[in-house]
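Asker: here's my sequence, what's the structure:
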Amino acid sequence: MRQTFLHKILCYLALFLFALIWIAPIATAFDKSMMINGWQNYRYILTYEKINYFRVVGNSMTVAISSALIVGTITTLGGFAFSKLNFYGRKTIYMMILACLAVPVASVTMPLFVTIKALHLIDSRLGLIIPLVAFNAPMMLMMIKNYFDGIPNELLESAQIDGATPMHIYRSVMIPLSGPILANVLVLTFIYTWNDYLIPLLVVRTEPKYTVTLAAQYFMSTVFQSPTDVARIYAAMLLLSVPSIIIYLFSQKYLQTGITAGAIKE
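Answerer: Numbers count the residues shown, from 1 in each chain. This is a model prediction of the structure:
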């Protein structure tokens, strides 16, 4: 009894320390943003003429949500095929897709830029969405495929006996059972896309198409910042982070379940 109580105390202490590590930078940023002019710094960012905060957040929301939905659709279809369907070259194709995880985005920036330019997608939302989907899909495919591997084949065989086609099995059996991992994939893809900086830097050219990462870089690029400018930069960083933090906090229960269910199996 005493050992169990001590174990709980140690666990809570460790969790408190980890929480402090994550909360401390946010608290410091908030404190710095309030040192000069207080809440006026946030009002300044929200009404700043050169960078429209609400348009920037709207751009990131559009790109992140679109990318998450496309990745979710592609990876559930692919995960179902690689996990439950038998076709020639299944393992080889799957391993080739996973091999893409070893390719850093920075190493393909030149061919990526040339391709986007050739498709006339520079400074467009579609030019952002396509590469973001491509770079996020392999990891999410692996997670969903591993989750689908845990669904008993007997369920699919029973549906096949009743005359169900593969697409009917996908819609009526696999998707209803994949709620936790699908929510996990959607949230993680949203967050990764929201936080991406390199691809927007390659594609976006004009302020009306800026994402939050480009807007953050814009606020930080001023040389010889005054104390007032520094306080406004902290306010901008916090405001640009708020939407993703809110979504992450509200999706915690899905993330925990999905990560456990989609863990890599040996």
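Asker: so what's V230 up against?
Answerer: K32 (CB atoms under 8 Å, 6 or more residues apart in numbering). To be clear about C-beta, it is placed using only N, CA and C from the backbone, and glycine gets the same treatment.
Asker: pull the residues that contact stretch 148-163.
Answerer: For stretch 148-163, contacts defined as CB under 8 Å, 6+ apart pick out 79-80, 83-84, 168-169, 172-174, 177-178, 261, 265.
Asker: what is the mean pLDDT for that stretch?
Answerer: In this model, stretch 148-163 has a mean pLDDT of 86.
Asker: pLDDT weak spots in the stretch 101-250 of the chain?
Answerer: 222-224 (pLDDT under 70).
Asker: that one: helices as residue ranges?
Answerer: Secondary structure of the stretch 101-250 of the chain (DSSP state H, counting those that start in this stretch): helices at 109-118, 125-149, 153-161, 166-169, 175-177, 179-195, 198-203, 212-220, 227-250.
Asker: list the buried residues for the last one?
Answerer: When you say that, I think you mean helix 227-250. Across helix 227-250, burial judged by 16 or more other CB atoms under 10 Å covers 230-241, 243-244, 247.
Asker: looking at the helices of the stretch 101-250 of the chain, which is nearest to Y88?
Answerer: helix 166-169 (15.9 Å; CB to CB).
Asker: still on that earlier bit, for the contacts of stretch 148-163, which one is nearest V204?
Answerer: Looking across those and measuring by CB to CB, the closest to V204 is G79, at 31.4 Å.
Asker: that closest one against Y147, yeah?
Answerer: Yes - G79 is within contact range of Y147, at 7.3 Å (criterion: CB atoms under 8 Å).
Asker: what does stretch 42-49 rub up against?
Answerer: Contact partners of stretch 42-49, identified using CB under 8 Å, 6+ apart, comprise S33, N37, Y53, F54, R232, A235, A236, L239.
Asker: ok, now how distant is the second one from S251?
Answerer: Taking CB to CB, to the nearest Å as the measure, N37 and S251 are separated by 34 Å.
Asker: residues making contact with stretch 57-68?
Answerer: Taking CB under 8 Å, 6+ apart as the rule, stretch 57-68 contacts 125, 128-129, 132-133, 136, 185-187, 189-191, 193-194, 209-213, 240, 243.
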